[in-house]
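**Student:** could you work out the structure for the sequence below:
(one chain, ligands or ions: 1)
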Amino acid sequence: MKKINVGVIGLGYAGKQHLDAYLKNPAVEVLMVSDASAETLAAVCRQHQLEGNRDYREIIKHPKIDLISICTPDYLHCEQAVCAALAGKHVLCEKPLATSLAECEKILAAVRQKKVKFLTGQVLRFTPLFLSLKKIVDSGAVGKPFFAESDYIHDIRPFLHGWRVNPQTAGDMILGGGCHPIDLLRWIVGEVREVYAATNKLALADAPFPADHMLISLKFADGAVGKVQISVGCRRPYALNLGVYGTKGTLINNRLFTENIPALEDFINLPLPTKAEYQYYDREIDELLKAIEEDREPAVNAADGAETVAVCLAAIESAKKNQPVAVKKFPGKIT
Ligand SMILES: NC(=O)c1ccc[n+]([C@@H]2O[C@H](COP(=O)([O-])OP(=O)(O)OC[C@H]3O[C@@H](n4cnc5c(N)ncnc54)[C@H](O)[C@@H]3O)[C@@H](O)[C@H]2O)c1
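**Tutor:** Okay, the predicted model is just below:
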């Protein structure tokens with residue numbers, strides 16, 4: 001089978017993870033990498049003996065490149081994803097898909113126009129724990145969900161450098177972090193129709209972004225309600241918790257209680273790892289490669305990435321206005 005030729009744009013934390021996963025994958029060949037920092041680019045090119053260019057457009061123009069990973073700061077995703085899709089390249093774009101609804105629309109339009117395969121890097125959908133939890137909910141083991149909650153708990157201080165500390169580029173940490181739990185809830189429980197959120201900025205008072213903590217109450221389309229906590233200044237180890245309460249049982253991370261098993265008096269501990277820190281970029285890449293091979297939509301396509309951004313942005317707006325906000329719907333999915 002013909003190898004898929006790859007380019008990686010942005011070689012910081014996320015870009016290096018993508019690159020490592022590509023370099024281990026026998027189905028792909030990395031032809032070029034790009035980073036705006038000459039030093040970073042030179043170090044990566046030297047380490048892996050790769051061709052590099054500081055101008056990302058050289059990757060997009062490269063006639064042999066089929067697939068491009070976009071691992072640059074959030075505010076650059078739209079420009080680079082649109083360019084890549086319009087050049088007919090398949091795209092793996094880091095989360096969050098973009099920083100505004102207008103940017104999401106532009107990406108969707110380019111993907112639809114060129115019919116390229118586009119995967120939004122909501123990598124937690126490839127984590128064994130969450131894949132299993134989705135299967136358990138889909139199996140009916142907890143019945144119909146009526147409440148679901150998820151927490152993204154992070155101490156982002158070690159990551160506060162470069163674009164994340166520049167007020168022009170930092171954006172909203174609630175979008176960058178919140179897209180993880182919100183995407184998981186959309187995937188496992190269903191679409192969110194309305195949010196009501198409150199924020200504060202007490203843990204990282206000097207940070208250049210507007211809030212470091214957010215509590216969101218959600219209304220799902222099918223009547224369930226939910227809660228999301230997003231925290232980027234927590235003095236505690238990282239956690240990504242997920243709980244689903246249904247008419248027949250309850251699932252809290254790897255603990256399941258279900259009336260479907262008679263005489264059960266306590267939660268069963270499922271043999272699933274609960275640490276969500278390890279991110280399965282290799283599986284995310286495999287899914288995109290399979291979608292290209294089978295000519296089908298990948299899991300977490302651009303429309304999915306856009307819907308998750310829409311919930312996050314509605315929550316940010318809600319906190320600003322101190323009132324509930326309806327989540328904007330995108331006119332039609334890709335498929
Ligand atoms: N999936 C996850 O859980 C996860 C984790 C971390 C970061 N991310 C996402 O990955 C993206 C990058 O974050 P990061 O933590 O790797 O940031 P980073 O600061 O470590 O790396 C960003 C890199 O992009 C480079 N860059 C900036 N402008 C560029 C341009 N125009 N062309 C080429 N390179 C350019 C920078 O020089 C830097 O090396 C963000 O969108 C972030 O939200 C996702």
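
**Student:** N200 contacts D212, correct?
**Tutor:** Yes: the criterion here is Cβ atoms under 8 Å, and N200 meets it with D212 at 7.5 Å. Just so you know, the C-beta spots here come from the backbone N, C-alpha and C atoms, and that holds for glycine as well.

**Student:** between those two, who's got more neighbours?
**Tutor:** D212 (23 against 13; other Cβ atoms under 10 Å).

**Student:** who's in contact with the more buried one?
**Tutor:** 173, 200-204, 231-233 (Cβ atoms under 8 Å, 6 or more residues apart in numbering).

**Student:** name only those of the residues you listed that count as buried.
**Tutor:** 173, 201, 203-204, 231-233 (16 or more other Cβ atoms under 10 Å).

**Student:** nearest to the ligand, of these?
**Tutor:** M173 (9.7 Å; Cβ to the nearest ligand atom).

**Student:** buried ones in stretch 227-241, by neighbour count?
**Tutor:** 227-234, 239-241.

**Student:** now, which of the residues you listed sits nearest A21?
**Tutor:** A21 lies nearest to L240 out of the buried residues of stretch 227-241, by Cβ to Cβ, at 20.1 Å.

**Student:** pLDDT value on T335, please?
**Tutor:** What the model reports for T335 is a pLDDT of 50.

**Student:** just V327 next, same as before
**Tutor:** pLDDT, V327: 96.

**Student:** contacting residues around the closest residue to it other than its chain neighbours?
**Tutor:** Using Cβ to Cβ, 6 or more residues apart in numbering and skipping residues adjacent in sequence, the residue nearest V327 is A314, 4.6 Å away. Taking Cβ under 8 Å, 6+ apart, we find A314 in contact with 194-195, 325-328.

**Student:** leaving out sequence neighbours, find the closest residue to the closest residue to the ligand within the stretch 201-335 of the chain.
**Tutor:** Nearest to the ligand in the stretch 201-335 of the chain, going by Cβ to the nearest ligand atom, is Q279, at a distance of 5.5 Å. Leaving aside its sequence neighbours, Q279 sits nearest to V123 (Cβ to Cβ, 6+ apart; 4.6 Å).

**Student:** and what of A14?
**Tutor:** C71 (4.3 Å).

**Student:** residue contacts, the one you found?
**Tutor:** C71 makes contacts with 8-12, 14-15, 18, 94, as judged by Cβ under 8 Å, 6+ apart.

**Student:** most neighbours, which of the residues you listed?
**Tutor:** Busiest of the contacts of C71 [other Cβ under 10 Å] is I9, holding 32 neighbours.

**Student:** you'd agree it is up against V30?
**Tutor:** No: the pair I9 and V30 does not pass the contact test of Cβ under 8 Å, sitting 11.9 Å apart.

**Student:** quick one, what contacts the residue in the chain positioned nearest to the ligand?
**Tutor:** Per Cβ to the nearest ligand atom, G12 is where the chain lies closest to the ligand, at 1.8 Å. Counting by Cβ under 8 Å, 6+ apart, G12 touches 35, 40, 71, 162.

**Student:** restrict those to those near the ligand?
**Tutor:** Of the residues in these, proximity to the ligand by Cβ under 6 Å from any ligand atom holds for 35, 40, 71, 162.

**Student:** in PyMOL, select just the buried ones from those residues.
**Tutor:** Filtering the ones next to the ligand among the contacts of G12 down to the buried ones (16+ other Cβ under 10 Å) takes a single PyMOL command:
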select buried, resi 35+40+71
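
**Student:** tell me which parts of the chain are close to the ligand?
**Tutor:** 9-15, 34-37, 40, 56, 71-74, 76, 94-95, 121, 123, 162-163, 176, 279.

**Student:** report how many residues lie close to E39.
**Tutor:** With other Cβ under 10 Å as criterion, E39 counts 8.

**Student:** quick check: it is in a strand.
**Tutor:** No: with DSSP: H, G, I helix; E, B strand; the rest coil as the criterion, E39 is assigned helix and is not in a strand.

**Student:** per-residue confidence for it?
**Tutor:** pLDDT, read off for E39, is 98.

**Student:** which parts of the stretch 201-335 of the chain are helices?
**Tutor:** 281-294, 302-321 (DSSP state H, counting those that start in this stretch).

**Student:** which one of these is the most hemmed in?
**Tutor:** helix 302-321 (a mean of 23; mean count of other Cβ atoms under 10 Å).

**Student:** how far does that helix sit from its chain's centre?
**Tutor:** Taking Cα atoms, centre = their mean, to the nearest Å, one finds helix 302-321 lying 13 Å from the centre of the chain it belongs to.
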